[in-house]
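Student: Provided below are the primary sequence and the corresponding predicted coordinates.
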Amino acid sequence: MRLEHVTAAILAIAVLISAIRLILWNRASPHPRWPRFVALLVLQPTCAALLFMTLYPPPIPVESGALIIATAGAPRFTPNSGAPTLALPEAGPIQGAEHVPDLATGLRRHPEAQRITVLGSGLTPRDIEAASGLAVRFDPPAQGSGILSLTPPTAAAPGESFDVGATVSPTNNAIVELLDPAGRVTDRTTPDQQGHVRLTGTARAAGNSLFTLRVRIKDRTVAQASVPLVVLQPKPQRLLLLAAAPGPEIKYLRRWATDAGFDVMSQISAGGGISLGDAPIAINAATLGRFDIIVIDDRSWAALGGQRTALMAAVRNGLGLILRPTGPLDAATLSQWRNLGFALTGANSIAPLALPTAGPAPIARTRLGIPTEILPDDLRLPADFLPDVSRLALSPLGGTSAALLHDAGDAPIAAWRPQGRGRVALFTGIDSYALVLTGRTPLYDDWWRGLIRAVVRPAPRLASPPAISWAGERVALCGTAPRASVEQPDGRAIALQPVADCAAFWPAQPGWHRLVTKAGSMSFYVQPDDALTAMKSIRNRDATALLRGGPTAAAEATRQTPGPAWPFAAAWLLVSALLWWLERSRIGRAQPARSSM
């Protein structure tokens, strides 16, 4: 006979004896009270039954090989499904759960596991690989609020503009700002219906700096995050300018390129065999191999003749090429540029170029690096002042080319396409120099930096760390050389661990880290573990959602396991207290007769 059977027999005998006692007591009473008698007679077997179920809870069916995994945001009390519950470190204290340092450890402790149910916001990258061979059940939580995604800029050069992309929520009445390290607003915008924003700033001196992305609603900051920016002093890139005649466009382009740090060489024809600028050079493979990019106008292109073959061969070997018209194109040039992959559809004439309105004055001056308080009033331009800039009405977009620049009317004014290992761009602006003369230097800088960045000869790059990483999470660095190391903010060096074709390390603290290799070094920023919590939650949710389903067993066998005992224990305690109170209470008892005086 099993122990639960013995326990049941003892409880049944005790209930029977109690019932006999109650019956005898009620019959012997001169004034029996039937409601009290019935209540006591019912409560005693109820109390015994609840005590038995507390000692031996009813079994519940449980799928064999099932686990419950609690992650960040999981409820403190997990559902009573009977399956073992594993709490990962980010889940915090979970009642009745087995705490494990990672999912792989939990699976080693439960080798029979075939399917898991994930509670909370989802698995972190640390556990995704361990869960890839299991059947995963996961109900993604609702999207949170704050900064949902952040795309920091890549490394920039001094004076170069950069873009920061983000997605925020909520979007109603929200204003998103980009602040420079001094706390000045460099750009401000409102999110679109999907919450997407794009802000622009300007890099200053070489070094590492932290900008700030801030989300405000009605003058209240609801979220903010650090935006790291690495400003490098690059090796001067070699730029060759070819123009068929002197003019303000080539003059201001040369001046801008020199100020931007390019190693500039110019060849400007003045007619009659006279050449202005630097000493003439031959257009051949050896000469062109010394340059990183060439800017050539339509008339110089036509004058090259047979030298175009050498030029295009250099482009296919990696040289960058920017084509710019000086007016309507002749038939030969038009055909040749179309053969390069540019559609050039529309009217072959000059048309006005729609410029975007100037930004707010404080932001514009911040981008120029001029503090607001020292700018004289007589030098401040009206916000709606727009220069007269024209373009070639032919559209470069189409065929095999991709859009690069648009004007305010969404007309494409620049496009590019690959050509072997190099790239070719076509810019249809005619007199962009007018931007400099009328105070729109940032826009002029954005246009030409964007053109050159898109097609310039690629330089060797070091390993590229993830755009966003957090302290305490593995950071993968691909493209590192052997024996590379990472220098932490406190100066200590960490050796990298090989992972497949990459290397990895676990940053213990936030801040600027430096990857050191034989080829050089580069800096990258590690966010604090409590930064960008909404973005981290969405990352975990989306990665775990991709695991849903997965391999399943041929037959989902079930087994019986004791259910939770605490509901029956609480009910037994309540019924026992009621029974104790009713037996000692005078409610329902016959009251003794009082003698009259």
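Tutor: Yes, it's here.
Student: list the buried residues of stretch 281-288.
Tutor: Neighbour counts over stretch 281-288 (16 or more other Cβ atoms under 10 Å) mark Ile283, Leu288 as buried. Every residue, glycine included, has its C-beta placed from N, CA and C.
Student: and it, what's its mean pLDDT?
Tutor: Stretch 281-288 shows an average pLDDT of 88 in the prediction.
Student: who's in contact with it?
Tutor: Residues outside stretch 281-288 that contact it (Cβ atoms under 8 Å, 6 or more residues apart in numbering) are Leu240, Met265, Gln267, Ile294, Leu304, Gln307, Ala310, Leu311, Ala313, Ala314, Leu319.
Student: make it 7 Å
Tutor: For stretch 281-288, contacts defined as Cβ atoms under 7 Å, 6 or more residues apart in numbering pick out Gln267, Leu304, Gln307, Ala310, Leu311, Ala313, Ala314, Leu319.
Student: hang on, the fourth one in a helix?
Tutor: Yes: membership of Ala310 in a helix is supported by DSSP: H, G, I helix; E, B strand; the rest coil.
Student: now do the same contact list for it.
Tutor: Ala310 is in contact with Ile283, Asn284, Ala285, Leu288, counting by Cβ under 7 Å, 6+ apart.
Student: report the two of these separated the most.
Tutor: Spatial extent of the contacts of Ala310 (Cβ to Cβ) is set by the pair Ile283 and Ala285 at 9.3 Å.
Student: pretty sure Ala12 is in a helix, no?
Tutor: Yes: according to three-state DSSP, Ala12 belongs to a helix.
Student: quick one: contacts for it?
Tutor: Per Cβ under 7 Å, 6+ apart, neighbours of Ala12: none.
Student: what's the separation between Gly144 and Gln527?
Tutor: Going from Gly144 to Gln527 by Cβ to Cβ, to the nearest Å gives 17 Å.
Student: the more surrounded of those two?
Tutor: More crowded of Gly144 and Gln527, by other Cβ atoms under 10 Å: Gln527, with 21 against 17.
Student: contacts only, for the nearest residue to that one once chain neighbours are set aside.
Tutor: Nearest residue to Gln527 in three dimensions, chain neighbours excluded: Trp470, at 5.1 Å (Cβ to Cβ, 6 or more residues apart in numbering). For Trp470, the contacting residues are Val526, Gln527, Asp529, Lys536, by Cβ under 7 Å, 6+ apart.
Student: from the residues you listed, which is closest to Thr441?
Tutor: Gln527 (33.6 Å).
Student: now do the closest one, the pLDDT please.
Tutor: pLDDT, Gln527: 94.
Student: could you list the domains of this structure?
Tutor: Residue ranges for the domains of the chain, per automatic domain parsing: 3-57+565-584, 61-134+547-562, 146-231, 238-455, 463-546.
Student: and these as CSV, adding distance to Pro140?
Tutor: Listed next are the domains of the chain as CSV, based on distance: least, Cβ to Cβ, whole Å:
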stretch, distance to Pro140
domain 3-57+565-584, 30
domain 61-134+547-562, 7
domain 146-231, 14
domain 238-455, 34
domain 463-546, 5
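Student: lowest-confidence stretch among those domains?
Tutor: domain 61-134+547-562 (a mean of 79).
Student: gap between it and the chain center?
Tutor: Taking Cα atoms, centre = their mean, to the nearest Å, one finds domain 61-134+547-562 lying 26 Å from the centre of the chain it belongs to.
Student: returning to what we had before: measure the residue nearest to Gln527 to Leu22 for me?
Tutor: Distance of Trp470 to Leu22, computed by Cβ to Cβ: 68 Å.
Student: what's the answer for Asn173, then?
Tutor: For Asn173, the distance to Leu22 (Cβ to Cβ) stands at 71 Å.
Student: which of these two has more residues huddled nearby?
Tutor: Comparing Asn173 with Leu22 by other Cβ under 10 Å, the one with more neighbours is Leu22, at 17 against 9.
Student: so the more buried one sits in a strand?
Tutor: No: applying three-state DSSP, one finds Leu22 to be helix, outside a strand.
Student: quick one: contacts for it?
Tutor: Contacts of Leu22 (Cβ under 7 Å, 6+ apart): Phe37, Leu40, Leu41.
Student: which residues in the stretch 401-550 of the chain form strands?
Tutor: 402-406, 412-419, 422-427, 475-478, 485-487, 493-495, 497-499, 502-505, 511-517, 520-526 (DSSP state E, counting those that start in this stretch).
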